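Novice: test case, fold it:
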Amino acid sequence: MGEAMRPGLGSTRARLAEILRVDHAGELAAVHIYRGQQAVFAAAGKGELGEAFASLREQEAQHLAAFDDLLAQRGVRPSLFTPLWRVAAFALGAGTALLGEKAAHACTDAVEEVIGGHYADQVEELKDREPDLAERLSRFRDDELQHQADAVQEGAREAPGYDALSSVIKAGCRAAIRTAEKI
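Specialist: Residues are numbered from 1 along each chain as shown. Model (predicted):
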């Protein structure tokens, strides 16, 4: 379960800024992961597969646009590591796509599992203080979990070295979450 809201108006505002910052960074990363996967599959002549990842990228871009608006409305700065998130996410997407279709789906499976849990914790934390935001995050969580379910159905867990690949990606996601909240 997520960290409880800290008492006091200033700390509540600071915690909300952390939530919005990290979620913005996560959606930005998702857009770039799928962009990297789409680029590799398109270059490999697997246009249909590239288009499937482009569709996922478009859904994540809608989430990102929502967080762009929320950051502006609430006066919250994005993560200072935004350029790093773009590059690292594109590299993760392209790298897993170069390993093959199942590895690309394994990436989605791992990332979306972590993000789905992260959103669930935030929904629980915000449901009483920010019910409208909690509802929006709940919808985003559902989208992410659907992406994960689709990836599993497409053979994510059949990828060579799935356990190791998934563990590394999940650890990277968790580290990025902790970093993006603060920096």
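Novice: okay, and for this structure, where does confidence drop off?
Specialist: Residues of the chain meeting the criterion pLDDT under 70: 1-11.
Novice: which residues in it form helices?
Specialist: Using DSSP state H, the helices of the chain run over 9-43, 47-74, 82-98, 101-126, 131-153, 162-182.
Novice: dump the C-alpha coordinates for the shortest one into CSV.
Specialist: Right, helix 82-98. Taking C-alpha atoms only, helix 82-98 is exported to CSV below (Å, rounded to 0.1, in the frame of the first residue of the first chain):
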residue,chain,number,x,y,z
THR,A,82,12.8,14.2,-18.2
PRO,A,83,15.5,14.1,-20.9
LEU,A,84,16.9,11.0,-19.3
TRP,A,85,13.5,9.3,-19.1
ARG,A,86,13.0,9.9,-22.8
VAL,A,87,16.3,8.4,-23.8
ALA,A,88,16.2,5.5,-21.3
ALA,A,89,12.6,4.6,-22.2
PHE,A,90,13.3,4.7,-26.0
ALA,A,91,16.4,2.5,-25.5
LEU,A,92,14.4,0.0,-23.4
GLY,A,93,11.6,-0.2,-26.0
ALA,A,94,14.1,-0.5,-28.9
GLY,A,95,16.3,-3.0,-27.0
THR,A,96,13.4,-5.3,-26.1
ALA,A,97,12.0,-5.1,-29.7
LEU,A,98,15.5,-6.1,-31.0
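Novice: what angle sits between that helix and helix 47-74?
Specialist: 160 degrees (axes from the mean of the first three to the mean of the last three C-alpha atoms, to 10 degrees).
Novice: give me the spatial nearest neighbour of the residue positioned nearest the centre of the chain, chain neighbours excluded.
Specialist: Residue closest to the mean C-alpha point of the chain, counted by C-alpha atoms, centre = their mean, is Gly26 at 3.9 Å. In space, and not counting its chain neighbours, Gly26 is closest to Ile115: 5.8 Å by C-beta to C-beta, 6 or more residues apart in numbering. (C-beta placed from N, C-alpha, C; glycine too.)
Novice: could you do Arg21 as well?
Specialist: Nearest residue to Arg21 in three dimensions, chain neighbours excluded: Ser79, at 5.5 Å (C-beta to C-beta, 6+ apart).
Novice: ok, Arg136 - contacts?
Specialist: Ala66 (C-beta atoms under 8 Å, 6 or more residues apart in numbering).
Novice: that one and Gln38: what is the separation?
Specialist: Computed with C-beta to C-beta, to the nearest Å, the distance linking Arg136 and Gln38 is 26 Å.
Novice: next, Leu80: phi, psi?
Specialist: phi -70, psi -20 (degrees, to the nearest 10).
Novice: pick the most buried one from the helices of the chain.
Specialist: Mean neighbours per residue, mean count of other C-beta atoms under 10 Å, is largest over these for helix 101-126, with a mean of 23.
Novice: sweet, I'm off.
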